[in-house]
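J.: The following comprises the amino acid sequence and a computationally predicted model.
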Amino acid sequence: MHVLSVSSLKGGVGKTTVTLGLASAAFARGIRTLIVDLDPQSDVSTGLDVNTAGRLNVADVLENPKEKTVRQAIASSGWTKVHPGTIDIMLGSPSAINYDGPHPSVRDVWKMEEALAMLEDEYDLVLIDCAPSLNALTRTAWAASDRVAVVTEPGLFSVAAADRALRAIEEIRRGLSSRLQPLGIIVNRVRPQSVEHQFRIKELRDMFGDLVLEPQLPERTSLQQAQGAAKPLHVWPGESAQELAADFDRLLDRIVEAGHVTVPENGPQAG
């Protein structure tokens, strides 16, 4: 089971939509996937079309990561109405903010790792949608992760935030979890005609080299439309959506390769 945190240290860069795009790519390929909604805004839970009635959530898991609690916090996505497959979510909650203090105890930092260890044989890929800060929730996610994908956009402040994130990953790797590594930087919301965007992408490449992942994701409304309708991007109609789906397929290839993720030979095909 490969665990990937999807992080940004700056809000508003489309981190959750990237998580949903990657989840759609994994679902289309038949990879058994769990999404952990660790962002107190809980938007990824909405985008996955989940019935939360009678369920616990990620805040309950952080309070008490016992097996019964963990399982009651996980629900199947409504995406499975589109085609069969395993796409589940550990439900988000605004209450998760109560676990996002600046100085978590060592015990608290390892609670998500403890919870996910119980699910080792049930999923091939776990995507954690992190809170957009470097407090306890993100540290808890990173301690449970093998890799971190840093989402940014081609703007001045976002470049600085990506740099901070990569430094923080190295700090956690040295001090807490030696297995943690950066997957790389996913550049989101790119306008190819923008001179400023091209300048910032070049700046990112000059600073971080191969850590800047290909492809960069163009700014498209199709992903927001699919998310708003709580449908996977890979079944959303239109050329724009299918081009973006292909971009997420390529990013998923990188994740699969880095994490040696098991991919079924005949996974369900969307559409």
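T.: Here it is on my side, so go on. Numbers count the residues shown, from 1 in each chain.
J.: what separates residue 112 from residue 139, distance-wise?
T.: 10 Å (C-beta to C-beta, to the nearest Å). The way it works is simple: take the backbone N, C-alpha and C, and place the C-beta from them, glycine included.
J.: between these two, which one's more packed in?
T.: Neighbours were counted for residue 112 and for residue 139 using other C-beta atoms under 10 Å; residue 112 has more, 29 against 25.
J.: just checking, that one touches residue 143?
T.: Yes: contact criterion C-beta atoms under 8 Å: residue 112 and residue 143 qualify, at 6.9 Å.
J.: Now list whatever residues contact both of these two.
T.: Both residue 112 and residue 143 lack any common contact, where contact means C-beta atoms under 8 Å, 6 or more residues apart in numbering.
J.: Buried residues, stretch 187-198. List them.
T.: For stretch 187-198, burial by neighbour count (16 or more other C-beta atoms under 10 Å) applies to 187-190, 197.
J.: typed the wrong thing, it's stretch 62-73
T.: Buried residues in stretch 62-73, counted by 16+ other C-beta under 10 Å: 62, 65, 69-70, 72-73.
J.: Those: which two are farthest apart?
T.: Largest separation among the buried residues of stretch 62-73 by C-beta to C-beta: 62 and 72, giving 13.8 Å.
J.: can you pull out the helices in this protein?
T.: 15-28, 43-47, 58-63, 67-72, 106-109, 111-117, 136-143, 156-175, 195-208, 221-228, 239-259 (DSSP state H).
J.: Out of those, flag the one nearest residue 91.
T.: Closest approach to residue 91 among the helices of the chain (C-beta to C-beta): helix 43-47, 5.3 Å.
J.: Please report how far residue 12 lies from residue 161.
T.: Noted for residue 12: a distance of 11 Å to residue 161, by C-beta to C-beta.
J.: Tell me which of those two has more neighbours.
T.: residue 161 (23 against 11).
J.: Now the nearest residue to that one once chain neighbours are set aside: phi and psi?
T.: Leaving aside its sequence neighbours, residue 161 sits nearest to residue 10 (C-beta to C-beta, 6 or more residues apart in numbering; 4.0 Å). Backbone torsions for residue 10, taken as degrees, to the nearest 10, come to phi -140, psi 130.
J.: show me the residues around residue 10 that make contact.
T.: Here residue 10 is in contact with 132, 152, 157-158, 161 (C-beta under 8 Å, 6+ apart).
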